[in-house]
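A.B. asks: Pasting the sequence and the predicted coordinates here, then a few questions.
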Amino acid sequence: MDDRTQLWNEFAAQLAVDSIRCTTAAGSGHPTSSMSAAHLTAVLYADHLRTHVSDPGDPANDRFVLSKGHAAPVLYSALKAIGAISDDELLTLRRFGSPIQGHPAPVPELPWVDVATGSLGQGLPIGVGMAFAMRLDGSPGHVWVMLGDSEMAEGSVWEAMETASFHGLHGLTAILDLNRLGQRGPTMHEWHADVFRDRAVAFGWHAIEIDGHDVTEIDAAYTEARKSDRPTFIVARTEKGHGVSLVANAEGWHGKALSEEQAIAAIQELGGERSLAITPPKPESFIPIGMGTPHVGERPVYDGPIATRKAYGDALAWLAGRRSDVVALDGEVGNSTYTDEVLEVAPERFFEVYIAEQTMVGAQIGLQALGKVAFSATFGAFFTRAMDFVRMGAIGRADLRLCGTHAGVSIGEDGPSQMALEDLATMRALNSSTVLYPADGNATVDLITTMCDLPGISYIRTTREATPSLYGADEEFPIGGSKTLASGPDDRVTLVGAGITLHECLRAAETLSAEGIAARVIDCYCVKPIDAPTLRKALEETGAIVVVEDHRIEGGIGDAVLEALAATGPLSGRVVKVAVTQMPGSGSPEELRAWAGIDEASIVERVRAAIA
């Protein structure tokens, strides 16, 4: 046995031992899932993951994504070995307040972890985005994604396989830890490695089948993967709980820590504790690819009707021409979202992901992890397919900029399958999210510009049909603000709208004025964080608020208004929510707004009833 082989095996044993130690100390966790991946991780960190440990943000670094996030102990054990964390920190696994959480997350104390994982099926789409970013920068870095065999049942994995192959992402390698056992028993294909090898080949990947505990085979596979002109899929047959007779290939041990007595025996069987210090190979130096000559263009300005979805595309293209870090992803609806306008100014920064919304958002997470200002767009209804990715993005403190078009019943004849009617509620529920809903083109441009520098998840809801201009080009739309478009000392009611319903509220206010009823009108363009002081003042001065929205009545703007009022004092007046309460069908936008009770005439009736 040569010295390198001995080192890899000793390092793998150390990773297995440390995985047992930290999970036993925690009293919970996944030691056996970590042990199956120990040899794969050892060879990777010792000789193939090129990284500056002292500079985890270096764009030349390779990236490692542990898609099977429950095997976090093996990742943390590797980070200990390279000097990123201490042994004392390792042993705080799963403790309250510790950055060494049950599944990996990129908290400030762990800059070597780029993204949150733990919801299976997400690592490979994220790896696609990282590979996109490296290609844009001309980085020599390589992306390594470790998958578990259970997550191969997830459709998002196969979306990503197709996307990576189509885009020729040769700087991406997937490592399948084929350990046969899932949470409750054997996986779908157990140790039939040929199933995954053949599928990878069918998807256009370079495929390699190896023994995942033979370090010589692992080293050869990693070397071959880096040289491949295609993305590489390594199928590594492994054994869950490898190296410890009590748990090796044994059912009933998923997610269970060994007792202290069992751990002592297991560590002894593995040869005892070790304290190897590993220095990963250094990345190649490179000169990043520059932007070139910025695209010359004026900020979009509108003085007439335009669809806010079109203003989104105009604004994004303008920003992409000015900023080399802006990238755009679309789900094969670029001629409806108008994201395809980016093709005219920065074609290399437009990523067509086709009808694969999970991979679209996953790739967006990967792109932003490597410093890109990433926007993605599709019909608002279709973001529901990718909501787990958005949720995990929030957990991972990702900066995601999402545009949902075709909002509400106002899209018309296409019918309910295309209508975003739950999107505001969903996006509002995310931690620290920002939810925006502009009513005209100039507001849209200003908010898209602001989104470039917003942290966290930001979502902008845009309208399919053209709406009149309400604001000038110099109007500013601060986050957390609103616009009061009509008000007076004799106001008897406040109408709150956003997007399409703001225009209905303005028309309703004119009709009510003709009847002698003065109405205040507020544009709630920022749904979260909402402008609570303005709403509180309106309730106290007018005595009644009628909130009108093209969204389900549950969880939308009406509930946001009620929550803001409840948080700032008593409900000293009446608040009426007007929204979609039944299942829509096809029809014209005007017919459907009337059916839902959110058109001008319906609003007037609701106001009359509210102040009677």
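C.D. replies: Great, that's in hand.
A.B. asks: Could you check how far the closest residue to residue 295 other than its chain neighbours is from residue 288?
C.D. replies: What sits nearest to residue 295 in space, not counting adjacent residues and going by CB to CB, 6 or more residues apart in numbering, is residue 321, at 3.0 Å. Quick note: C-beta positions are derived from backbone N, CA and C, even for glycine. Note on residue 321: its distance to residue 288, by CB to CB, to the nearest Å, is 19 Å.
A.B. asks: so what strands line up beside the longest strand belonging to the chain?
C.D. replies: Using DSSP state E, we find that the single longest strand of the chain is strand 544-552. Using DSSP bridges, the strands paired with strand 544-552 are strand 493-497 (parallel), strand 574-580 (parallel).
A.B. asks: Give me the distance from the last one to the chain's centre.
C.D. replies: It stands for strand 574-580. Between the centre of strand 574-580 and the centre of its chain there are 32 Å (CA atoms, centre = their mean, to the nearest Å).
A.B. asks: and that strand, C-alpha only, in PDB?
C.D. replies: C-alpha atoms of strand 574-580 as PDB (Å, rounded to 0.1, in the frame of the first residue of the first chain):
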ATOM      1  CA  ARG A 574     -63.900  48.500  10.100                       C
ATOM      2  CA  VAL A 575     -61.700  46.500   7.800                       C
ATOM      3  CA  VAL A 576     -63.200  44.700   4.800                       C
ATOM      4  CA  LYS A 577     -61.300  42.200   2.700                       C
ATOM      5  CA  VAL A 578     -62.400  41.900  -0.900                       C
ATOM      6  CA  ALA A 579     -60.700  39.100  -2.800                       C
ATOM      7  CA  VAL A 580     -61.200  35.800  -4.700                       C
END
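A.B. asks: Could I get the buried residue list for that strand?
C.D. replies: Neighbour counts using 16 or more other CB atoms under 10 Å place 575-580 of strand 574-580 among the buried residues.
A.B. asks: what distance separates the next helix or strand after it from the centre of its chain?
C.D. replies: Later in the chain than strand 574-580, the nearest helix or strand by DSSP states H and E is helix 589-596. On the basis of CA atoms, centre = their mean, helix 589-596 sits 33 Å off its chain's mean C-alpha point.
A.B. asks: my guess is residue 77 contacts residue 15, does it?
C.D. replies: Yes. The pair residue 77 / residue 15 is scored as a contact, 4.6 Å apart, by CB atoms under 8 Å.
A.B. asks: Now for those two: what residues contact both?
C.D. replies: residue 34 (CB atoms under 8 Å, 6 or more residues apart in numbering).
A.B. asks: Remind me which helix or strand residue 92 belongs to.
C.D. replies: Applying DSSP H and E, one finds residue 92 in no helix or strand.
A.B. asks: who touches it in this structure?
C.D. replies: Counting by CB under 8 Å, 6+ apart, residue 92 makes contact with 98, 100.
A.B. asks: how about the helix or strand that residue 327 is a member of: buried residues?
C.D. replies: Per DSSP H and E: residue 327 is located in strand 326-330. Neighbour counts over strand 326-330 (16+ other CB under 10 Å) mark 326-330 as buried.
A.B. asks: what's in contact with it?
C.D. replies: 132, 136, 316, 319-320, 337, 339-340, 342, 346, 349-353, 360, 363-364, 367, 372-378, 452.
A.B. asks: Give the buried residues for the longest helix seen in the chain.
C.D. replies: In the chain, ranked by residue count with DSSP state H as the criterion, the top helix is helix 3-26. Under the neighbour-count criterion of 16+ other CB under 10 Å, helix 3-26 has 7-9, 11-26 buried.
A.B. asks: Can you spell out which helices and strands pack onto that helix?
C.D. replies: helix 31-36, helix 38-43, helix 72-81, helix 87-90, helix 215-227, helix 260-269 (3 or more CB pairs under 8 Å, 6 or more residues apart in numbering; DSSP states H and E).
A.B. asks: 7 Å instead, please
C.D. replies: Judged by 3 or more CB pairs under 7 Å, 6 or more residues apart in numbering; DSSP states H and E, the packing partners of helix 3-26 are helix 31-36, helix 38-43, helix 72-81, helix 215-227, helix 260-269.
A.B. asks: Can you list the neighbours in contact with it?
C.D. replies: Helix 3-26 has contacts (CB atoms under 7 Å, 6 or more residues apart in numbering) with 29-31, 34-35, 38-39, 41-43, 46, 73-74, 76-78, 80-81, 90-91, 93-94, 215-216, 243, 257-258, 260, 263, 266-267, 270-271, 273-274, 276, 278.
A.B. asks: Quick one, which of these are buried?
C.D. replies: Buried subset of the contacts of helix 3-26 (neighbour count, 16+ other CB under 10 Å): 29-31, 34-35, 38-39, 41-43, 46, 73-74, 76-78, 80-81, 90-91, 93-94, 215, 243, 257-258, 263, 266-267, 270, 278.
A.B. asks: roughly how far out does the helix or strand residue 606 falls within sit from the chain middle?
C.D. replies: Per DSSP H and E, residue 606 falls inside helix 600-611. Averaged C-alpha coordinates place helix 600-611 at 40 Å from its chain's average position (CA atoms, centre = their mean).
A.B. asks: mind listing what's buried in stretch 585-592?
C.D. replies: Under 16+ other CB under 10 Å, the buried positions of stretch 585-592 are 589, 592.
A.B. asks: Apologies, that question was intended for stretch 318-327.
C.D. replies: For stretch 318-327, using 16+ other CB under 10 Å, the buried residues are 318-322, 324-327.
A.B. asks: and if you look at stretch 153-171?
C.D. replies: 154, 156-165, 167, 169-171.
A.B. asks: For these, which two are the farthest from each other?
C.D. replies: Farthest pair in those (CB to CB) is 154 and 170. Separation: 23.6 Å.
A.B. asks: Show me the helices in the stretch 151-300 of the chain, by range?
C.D. replies: Taking DSSP state H, counting those that start in this stretch, the helices of the stretch 151-300 of the chain run over residues 155-166, 193-202, 215-227, 260-269.
A.B. asks: Please save the CA atoms from the third one in PDB.
C.D. replies: So the one you mean is helix 215-227. Provided in PDB are the C-alpha atoms of helix 215-227 (Å, rounded to 0.1, in the frame of the first residue of the first chain):
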ATOM      1  CA  VAL A 215      -9.800   4.800  -2.500                       C
ATOM      2  CA  THR A 216      -7.700   4.000  -5.600                       C
ATOM      3  CA  GLU A 217     -10.900   3.700  -7.700                       C
ATOM      4  CA  ILE A 218     -12.300   6.800  -6.200                       C
ATOM      5  CA  ASP A 219      -9.100   8.800  -7.000                       C
ATOM      6  CA  ALA A 220      -9.100   7.500 -10.600                       C
ATOM      7  CA  ALA A 221     -12.700   8.500 -11.000                       C
ATOM      8  CA  TYR A 222     -12.200  12.000  -9.700                       C
ATOM      9  CA  THR A 223      -9.200  12.500 -11.900                       C
ATOM     10  CA  GLU A 224     -11.200  11.300 -14.900                       C
ATOM     11  CA  ALA A 225     -14.200  13.500 -14.100                       C
ATOM     12  CA  ARG A 226     -12.100  16.700 -14.000                       C
ATOM     13  CA  LYS A 227     -10.700  15.900 -17.500                       C
END
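A.B. asks: tell me the angle of that helix relative to helix 3-26?
C.D. replies: Using axes from the mean of the first three to the mean of the last three CA atoms, to 10 degrees, the direction of helix 215-227 lies 100 degrees away from that of helix 3-26.
A.B. asks: what comes into contact with helix 215-227?
C.D. replies: The contact list for helix 215-227, computed with CB under 7 Å, 6+ apart, reads 5, 8-9, 39-40, 43-44, 47-48, 142, 173, 208, 210-212, 232, 234.
A.B. asks: hmm, which of those residues are the buried ones?
C.D. replies: Using 16+ other CB under 10 Å, the buried members of these are 8-9, 39-40, 43-44, 47-48, 142, 173, 208, 210, 212, 232, 234.
A.B. asks: Low-confidence ranges, the protein, go.
C.D. replies: Low-confidence segments of the chain, defined by pLDDT under 70, span residues 1, 291-294, 296.
A.B. asks: and of the buried ones among the contacts of helix 215-227, the nearest to residue 534?
C.D. replies: Nearest to residue 534 out of the buried ones among the contacts of helix 215-227 is residue 142 (CB to CB; 51.3 Å).
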